[in-house]
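# Below are the sequence and a predicted model; questions follow.
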Amino acid sequence: MATSNLVEVQNVTFGYDERQVLKDINLVVPQGKVVAIMGLSGCGKTTLLRVIGGALLPDRGEVRVAGRVVNKLSDPELFALRRRMGMLFQFGALFTDLSSFENVAFQMREHTNLPESIIRDLALMKLQAVGLRGAADLMPSELSGGMARRVALARSIALDPMLMMYDEPFTGLDPISLGVIGQLIRRLNDSLGATSIVVTHDVAEALELVDYVYYMSVGKVEFQGTPDQVRAAGLSSLRQFVYGEPDGPVPFHYPAPDYRQDLLAQ
């Protein structure tokens, strides 16, 4: 039986004022899968994630999550849908005045009527899942970068979301922490029966953990396929991105007037 799609993005276009960021985007995220959205910084990856989560409304097109058209929901309907989503922000975004335990328990206290004894057990369970139950009483300032990202991950799965979204989860991590976060993303997705979208430009780690890849360039989906298909792709800009080649269709210089004109200008 074919896998149903939890997320469907259809002909989505979005821009800030007159600057178009997303240009007629089409993609699907099958239920239970881990899908990467990859590309250079500034290509529209994070903006697309915000459109999927309903933080931004597309100028044209539709975004469906669990069959609901996100950009046509009322505020109460959107807030209810978001409670079924988890978000790991690029640098964790922990509440700096709350301990690791309190950060994880926050969503449960805000969005459920569970007794405090149950919240305690669930929060410790989530910290245990990311290997940091022993750090429950530590403040964010006492955590390393990798530990803070793991606490943020525990917080994002506090309500057992059906959809997890990761915005550059590997940025700024040492190789060991990066490997740990990558394994956690895959393991938690599969054990929770969730669906995950990973926005990243970390090629090596992403291709090891995801099921499918969308490669974006200048606001468009330029290529899509499995990790093996991405590695073997003949698209020159994608090969330059995957293998980190300095020379290729992606230029070193940002568009600018003739250099001599700038030097001679008075």
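On my side now, so go ahead.
# Gly225 contacts Val213, doesn't it?
Yes. Taking CB atoms under 8 Å as the definition, Gly225 is a contact partner of Val213 at 6.3 Å. Where you see a C-beta, it was placed from the backbone N, CA and C, and this is true even at glycine.
# Now the element after the longest helix along the chain, going C-ward?
With secondary structure taken from DSSP state H, the chain has its longest helix at helix 175-192. Downstream of helix 175-192, the first helix or strand assigned by DSSP states H and E is strand 195-200.
# Tell me which residue lies nearest the centroid of this protein.
Among the residues of the chain, the one closest to the centroid is Tyr166, at 2.4 Å (CA atoms, centre = their mean).
# How about the secondary structure of that one?
Assigned with DSSP: H, G, I helix; E, B strand; the rest coil, Tyr166 falls in the strand class.
# now do Asp24
strand.
# what about it, how many residues close to it?
Residues near Asp24, counting by other CB atoms under 10 Å, number 14.
# next one: Ala154
27.
# same deal with Leu40?
Leu40: 16 neighbours (other CB under 10 Å).
# My read is that it contacts Thr200, right?
No. Using CB under 8 Å, Leu40 makes no contact with Thr200, being 11.4 Å away.
# okay, the worst-scoring helix or strand of the chain on mean pLDDT in CSV with CA atoms only?
Ranked by mean pLDDT, DSSP states H and E, the weakest helix or strand in the chain is helix 236-243, scoring a mean of 71. Coordinates of each C-alpha in helix 236-243 appear next as CSV, following Å, rounded to 0.1, in the frame of the first residue of the first chain:
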residue,chain,number,x,y,z
SER,A,236,26.4,20.7,-12.0
SER,A,237,25.2,23.0,-9.2
LEU,A,238,24.1,20.0,-7.1
ARG,A,239,27.5,18.3,-7.5
GLN,A,240,29.3,21.5,-6.6
PHE,A,241,27.1,21.7,-3.4
VAL,A,242,27.4,18.0,-2.4
TYR,A,243,31.2,17.7,-2.9
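# how about it: buried residues?
Using 16 or more other CB atoms under 10 Å as the burial criterion, the residues of helix 236-243 that qualify are Ser237, Leu238, Arg239, Gln240, Phe241, Val242.
# Widest-spaced pair of those residues?
Across those, the longest distance by CB to CB is 9.8 Å; it joins Ser237 and Val242.
# For Asp121, give me the pLDDT.
Looking at Asp121, its pLDDT is 93.
# What of the one 5 residues further on?
Per-residue confidence (pLDDT) for Lys126: 88.
# next one: the one 10 residues further on
pLDDT for Ala136: 90.
# Could you do Ser144 as well?
pLDDT recorded at Ser144 is 84.
# So for it, what's the nearest residue that isn't a sequence neighbour?
Distance criterion CB to CB, 6 or more residues apart in numbering; nearest residue to Ser144, sequence neighbours excluded, is Ser177 at 7.5 Å.
# likewise His111?
By the measure of CB to CB, 6+ apart, the closest residue to His111 outside its immediate chain neighbours is Arg83, 5.5 Å from it.
# Pull the number of nearby residues for that neighbour.
13.
# from now on call the first residue 48
OK, 48 is where the count begins now, so the last one is Arg130.
# Relative to Gly181, how far out is it?
Distance of Arg130 to Gly181, computed by CB to CB, to the nearest Å: 29 Å.
# what do you get for Met132?
In terms of CB to CB, Met132 sits 28 Å off from Gly181.
# Between the two, which is the more surrounded one?
Neighbour count, other CB under 10 Å: between Met132 and Gly181, Met132 has more, with 21 against 10.
# Am I right that Ser164 is in a strand?
No. Applying three-state DSSP, one finds Ser164 to be helix, outside a strand.
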